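Visitor: Let me see the structure of the following:
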Amino acid sequence: MQFITIGKPPEYLRLSAVRRRPDNLPEHLPREKRRYLDAELRIHDLTATARIDLMHEYAGLVQFFDQVVAHWPEWNNSFMVWGRSSALQFQVDRGPRPSGGPDHFRVTVKLHNSRRHTYWRVETLLILSPEELEAIARDLHRLTD
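Guide: Below is the predicted model:
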């Protein structure tokens, strides 16, 4: 699998696995342990892109979504966050269930670049169903294999 897309146009996040290794890696981390994702966050007419260095085993991103899918029925006014110190951050909240309506999740996606002279930050809120969240977790496994 080349990429996965979370959300639908006009607002979505596309994650692509980077298969080639950059030549300018720091010496203290072995080349085979580095994992990269290219992230593209699209919000109407704005597109932000960044390369995310997730170190070893994609820094637990796949396990994060596995945990969300496995434990969301137990949530009561709680949320989970992944990537607090990363350029990509997810916050998944179980949305309030409307009377008789389906369960849903509010997924806040934040993407930022903190280079020395060009700081920017883009964030959006996506509404996803439990089935869409399960599909994301399944697709992340395929993307990162």
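
Visitor: who's in contact with stretch 121-132?
Guide: The contact list for stretch 121-132 (CB atoms under 8 Å, 6 or more residues apart in numbering) reads 6-7, 11-13, 41, 43, 46, 48, 69, 72, 95, 102-113, 136. C-beta coordinates here come from the backbone N, C-alpha and C atoms, glycine included.

Visitor: Need the CA coordinates for that stretch. PDB is fine.
Guide: This file holds the C-alpha atoms of stretch 121-132, laid out as PDB (Å, rounded to 0.1, in the frame of the first residue of the first chain):
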ATOM      1  CA  ARG A 121       0.800  25.000  12.000                       C
ATOM      2  CA  VAL A 122      -2.400  23.700  10.400                       C
ATOM      3  CA  GLU A 123      -5.100  21.800  12.200                       C
ATOM      4  CA  THR A 124      -8.600  20.400  11.400                       C
ATOM      5  CA  LEU A 125     -11.400  18.400  12.900                       C
ATOM      6  CA  LEU A 126     -12.600  15.300  11.200                       C
ATOM      7  CA  ILE A 127     -15.800  13.300  12.200                       C
ATOM      8  CA  LEU A 128     -15.300   9.600  11.700                       C
ATOM      9  CA  SER A 129     -17.500   6.500  12.400                       C
ATOM     10  CA  PRO A 130     -16.200   3.500  14.300                       C
ATOM     11  CA  GLU A 131     -16.100   1.600  10.900                       C
ATOM     12  CA  GLU A 132     -13.900   4.300   9.400                       C
END
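
Visitor: Which positions in it come out as buried?
Guide: 122, 124, 126, 128, 130, 132 (16 or more other CB atoms under 10 Å).

Visitor: Then stretch 91-110?
Guide: By 16+ other CB under 10 Å, the buried positions in stretch 91-110 come out as 91-94, 103-105, 107, 109-110.

Visitor: which ones are touching the spatially most central residue of the chain?
Guide: Nearest to the geometric centre of the chain sits Phe90, at 5.6 Å (CA atoms, centre = their mean). By CB under 8 Å, 6+ apart, the contact list for Phe90 reads 64, 81-83, 107-109.
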